[in-house]
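A.B. asks: I'd like to go over a predicted model; first the sequence, then the structure.
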Amino acid sequence: MNVAVAKTGGGRAVSDLFASAEGRLSGSPDVIAARREAFESYERLGLPHRRIEEWKYTDLRALVGEVLPLAAAPDAAALKRASDAVKAHAIEGARKLVLVDGVFAAELSDVKALASEVSLMTLREALQKDAGVLKTVSTDAVIALNAALATDGVVLSIEDGAQLSAPVQIVHVATAASVSVFTRSQVKVGKGARATIIESFVAAGAKTYQVNDAVIIAVGDDADVAHIRLMDDASDAVNITSQFVTVGANTKLNFFNMTSGATVSRLQGFITLAGEGSELSINGVNLLQKTEHGDTTLVVDHAVPNCVSREIFRAVIDDRAHSVFQGRIIVRPDAQKTDGKMMTRALLLSDEAEADNKPELEIFADDVSCGHGATAGALDDTLLFYLKARGLPEKQAQALLIQAFVGEAIEQIADDGLREHVIGMAERWLERRS
């Protein structure tokens with residue numbers, strides 16, 4: 001397709017990305033038109049910068065500068081490295097769907113085991129039919145660029161009443177250096193279904209790569225869904241993930257995110273409670289060190305009455321790292337009896353660590369119970385002294401207090417094995433800072 005030249009904040013011609021992707025961005029005529037429209041939107045906007053309110057704490061023009069060339073399709077050597085990484089990061093008992101450098105790897109995935117419980121297509125297959133998966137209710141430059149360049153992803157459909165016998169783990173593996181990866185996935189959960197969806201981002205020897213991922217999730221009425229996102233990319237990687245979630249009536253959705261890698265990361269989530277009587281629980285932990293920048297930006301939209309939302313986030317920030325939490329709860333005029341609360345706490349382990357917390361409430365109904373809070377502080381010197389007085393080295397004493405601090409968020413994970421896996425990730429992060 002014919003593509004105009006676009007510039008990122010750093011001046012790199014993004015048309016190079018389209019040229020390198022020729023033949024990989026397949027789809028129907030409607031899909032090609034949607035990609036072109038998305039690219040033109042990115043061309044007008046460029047990379048987000050601090051003069052855009054939603055991005056003022058995460059200036060990608062300053063932090064990233066340019067979009068790297070698109071990753072090539074993985075070869076046999078890349079697939080071998082990815083296989084080793086998948087084994088190291090696999091959740092016990094989970095059924096895996098693996099994306100390697102932005103391409104679905106059927107040979108590393110549990111396709112046959114999932115076939116009896118879910119309907120599965122790749123993004124490439126879905127885009128042969130229509131462009132629906134490229135369209136989202138919210139957009140910005142990053143989301144537009146993802147729609148233009150998404151090479152692959154998974155499209156899952158869970159039937160009404162289905163009770164998945166095992167979690168589904170979508171594993172994103174990076175094997176190539178100095179490249180960008182664009183993926184987009186869609187998950188539809190039917191009425192009365194029960195499922196656990198896990199997303200993992202890991203590196204297999206890759207360095208200095210960029211991930212731009214988008215996930216669209218629709219949860220039907222009377223469903224019960226746990227969605228766990230574990231981001232453990234390389235320490236010099238960039239990961240920008242956009243999530244779009246719609247929740248039906250009388251549904252329970254529990255979401256958890258842990259960030260323990262990447263030099264620059266942002267998770268931006270747009271969650272709409274579209275059916276009455278639903279409960280939304282969002283919990284997260286950012287573990288940041290050195291000069292890492294971790295941003296969690298969430299918009300929870302109470303569009304109907306009688307829904308409950310809870311947000312609990314913890315950030316542990318060491319060295320010169322920077323944590324950002326932006327949380328907005330919107331209560332629409334008809335959404336009476338809404339109960340929405342959020343709390344974010346930051347633990348600063350050095351004098352140069354930085355935390356920006358920006359909770360917001362936009363309430364257009366009068367019969368609601370909503371609130372927010374934000375705190376930042378250092379480890380308790382009295383507790384540290386108590387532990388060291390009993391023979392614990394300072395780093396070990398700090399580790400115990402840090403584990404207790406993040407525990408409130410991690411404990412919200414209902415599955416025992418998955419919770420222990422996440423605790424293990426936190427412990428490995430603590431070992432890296434020792």
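C.D. replies: That came in fine, so what should we check first?
A.B. asks: Can I take it that residue 147 is in a helix?
C.D. replies: Yes - applying DSSP: H, G, I helix; E, B strand; the rest coil, one finds residue 147 inside a helix.
A.B. asks: so what's it closest to, chain neighbours aside?
C.D. replies: residue 38 (3.7 Å; CB to CB, 6 or more residues apart in numbering). Where C-beta positions appear, they are placed from N, C-alpha and C, glycine not excepted.
A.B. asks: so where does the one you found fall, helix or strand?
C.D. replies: Using DSSP states H and E, residue 38 falls within helix 29-45.
A.B. asks: for that helix, which positions count as buried?
C.D. replies: 31, 34, 35, 36, 38, 39, 41, 42, 43, 45 (16 or more other CB atoms under 10 Å).
A.B. asks: Same list, these, but as TSV with distance to residue 136 please.
C.D. replies: Output for the buried residues of helix 29-45, formatted as TSV (distance: CB to CB, whole Å):
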residue	distance to residue 136
31	15
34	11
35	14
36	17
38	10
39	15
41	12
42	14
43	18
45	15
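A.B. asks: What is the nearest of the residues you listed to residue 158?
C.D. replies: Of all the buried residues of helix 29-45, residue 31 has the smallest distance to residue 158: 24.4 Å, by CB to CB.
A.B. asks: which secondary element of the chain has the worst mean pLDDT?
C.D. replies: Least confident element among the helices and strands of the chain, by mean pLDDT, DSSP states H and E: helix 15-21 (a mean of 64).
A.B. asks: Pull up the gap between the residue nearest to residue 358 when sequence neighbours are not counted and residue 58, please.
C.D. replies: In this structure, residue 358 finds its nearest non-sequential neighbour in residue 326, 4.6 Å apart by CB to CB, 6+ apart. Noted for residue 326: a distance of 9 Å to residue 58, by CB to CB, to the nearest Å.
A.B. asks: any common contacting residues for these two?
C.D. replies: residue 295 (CB atoms under 8 Å, 6 or more residues apart in numbering).
A.B. asks: which one of these two has more residues nearby?
C.D. replies: Neighbour comparison, residue 326 and residue 58: the larger count goes to residue 58, with 26 against 23 (by other CB atoms under 10 Å).
A.B. asks: That one touches residue 268, doesn't it?
C.D. replies: No - the criterion here is CB atoms under 8 Å, and residue 58 misses it with residue 268 at 9.4 Å.
A.B. asks: any residues in contact with both of those two?
C.D. replies: In contact with both residue 58 and residue 268: residue 295, using CB under 8 Å, 6+ apart.
A.B. asks: Name the residues linked to the residue nearest to residue 358 by a beta bridge.
C.D. replies: residue 297, residue 358 (DSSP bridges).
A.B. asks: so what's it up against?
C.D. replies: Residue 326 makes contacts with 54, 57, 295, 296, 297, 298, 358, 359, 360, as judged by CB under 8 Å, 6+ apart.
A.B. asks: Output those in TSV, with distance to residue 410, neighbour count and pLDDT appended to each entry.
C.D. replies: Listed next are the contacts of residue 326 as TSV, based on distance: CB to CB, whole Å; neighbours: other CB atoms under 10 Å; pLDDT from 0 to 100:
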residue	distance to residue 410	neighbour count	pLDDT
54	28	14	95
57	25	20	97
295	20	22	98
296	15	24	98
297	21	20	97
298	18	24	97
358	24	16	94
359	21	20	93
360	25	12	95
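A.B. asks: what two of those are the furthest from one another?
C.D. replies: Across the contacts of residue 326 (CB to CB), the longest gap, 15.2 Å, separates 295 and 360.
A.B. asks: quick one: which helix or strand includes residue 87?
C.D. replies: helix 76-89.
A.B. asks: Which strands or helices does that helix pack on?
C.D. replies: The elements that helix 76-89 packs onto, with contact taken as 3 or more CB pairs under 8 Å, 6 or more residues apart in numbering; DSSP states H and E, are strand 95-100, strand 168-174, strand 194-203.
A.B. asks: From the chain's centroid, how far away is it?
C.D. replies: On the basis of CA atoms, centre = their mean, to the nearest Å, helix 76-89 sits 22 Å off its chain's mean C-alpha point.
A.B. asks: quick one: buried residues of it?
C.D. replies: For helix 76-89, by 16+ other CB under 10 Å, it's 78, 79, 81, 82, 83, 85, 86, 89.
A.B. asks: So for it, mean pLDDT?
C.D. replies: Helix 76-89 shows a mean pLDDT of 97.
A.B. asks: Let me know the angle separating that helix from strand 194-203.
C.D. replies: 120 degrees (axes from the mean of the first three to the mean of the last three CA atoms, to 10 degrees).
A.B. asks: So what touches helix 76-89?
C.D. replies: 74, 96, 98, 100-101, 105, 107-108, 171, 173, 175-176, 200, 202-205, 232.
A.B. asks: residue ranges for the strands of the stretch 101-250 of the chain, please.
C.D. replies: 103-104, 118-122, 154-158, 168-174, 180-189, 194-203, 210-219, 224-232, 238-247 (DSSP state E, counting those that start in this stretch).
A.B. asks: so what does the helix or strand hosting residue 382 touch, helix or strand wise?
C.D. replies: Using DSSP H and E, residue 382 falls within helix 381-389. Contact partners of helix 381-389 among helices and strands, from 3+ CB pairs under 8 Å, 6+ apart: helix 394-410.
A.B. asks: Can you list the buried residues in the helix it packs on?
C.D. replies: Within helix 394-410, the residues that count as buried by 16+ other CB under 10 Å are 397, 398, 399, 402, 405, 406, 409, 410.
A.B. asks: ok, those vs residue 426, which is closest?
C.D. replies: residue 406 (6.0 Å).
A.B. asks: Report the contact partners of the residue of the chain most remote from its centre.
C.D. replies: In the chain, residue 389 marks the outermost C-alpha relative to the chain mean, sitting 40.7 Å out by CA atoms, centre = their mean. For residue 389, the contact set (CB under 8 Å, 6+ apart) is empty.
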